[in-house]
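Sequence and computational prediction follow.
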Amino acid sequence: MPRSEARVATDRPHRYAKQLAAHLGRKAESSWDEEAGRGALTFGAGTATLVAEPGLLLLTVEGEAENLDRLEDVVGRHLVRFGTKDELVAEWHRDNGLPGTVQRNQAEDAEQH
């Protein structure tokens with residue numbers, strides 16, 4: 001199954017991962033293990049894993065190739081919105097060597113929130 005990863009630099013990886021799992025858990029099956037610093041999301045179109053490491057939040061999505069753009073966007077866009085003040089950027093890299101999508105806050109997006 002095709003995969004894509006984003007390594008998001010942040011001083012608060014646990015906080016953002018927990019918030020992302022809780023928020024997206026309204027629309028997907030989700031879990032978060034605070035001690036392990038790991039979480040998972042199961043969507044109809046695929047899965048996502050969240051791993052909090054020192055200074056880094058590792059996001060991985062897996063799904064059919066035609067669903068990767070959507071999975072990257074949903075996970076990345078919500079994370080970036082939560083991390084507006086920290087200017088988080090999710091830049092995805094696919095296991096086939098092709099670049100994935102990129103989510104970052106645009107100036108006009110930040111003014112609207």
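Perfect, thanks for sending it.

From now on I want contacts and neighbour counts done on CA atoms only, so please keep to that.
Noted.

Could you tell me how far residue 65 is located from residue 20?
Separation of residue 65 from residue 20 (C-alpha to C-alpha, to the nearest Å) stands at 23 Å.

can you check residue 8 too?
Summarising the geometry, the distance separating residue 8 from residue 20, computed by C-alpha to C-alpha, is 13 Å.

What of residue 12?
With the distance defined as C-alpha to C-alpha, residue 12 ends up 12 Å from residue 20.

Looking at the two now, which is surrounded by more residues?
Neighbour tally, residue 12 and residue 20, criterion other C-alpha atoms under 10 Å: the higher count belongs to residue 20, 22 against 16.

Which helix or which strand is home to that one?
Here residue 20 sits within helix 13-24, counting by DSSP states H and E.

Go through that helix and flag the buried ones.
13, 14, 16, 17, 18, 19, 20, 21, 22, 24 (16 or more other C-alpha atoms under 10 Å).

before we move on, what about stretch 52-70?
Of the residues in stretch 52-70, those buried (16+ other C-alpha under 10 Å) are 52, 53, 56, 57, 58, 59, 60, 61, 62, 63, 68, 69.

Pop out the phi and psi values for the last one.
Main-chain dihedrals, residue 69, degrees, to the nearest 10: phi -60, psi -50.

Likewise for the third one?
Note on residue 56: its backbone torsions stand at phi -160, psi 140 [degrees, to the nearest 10].
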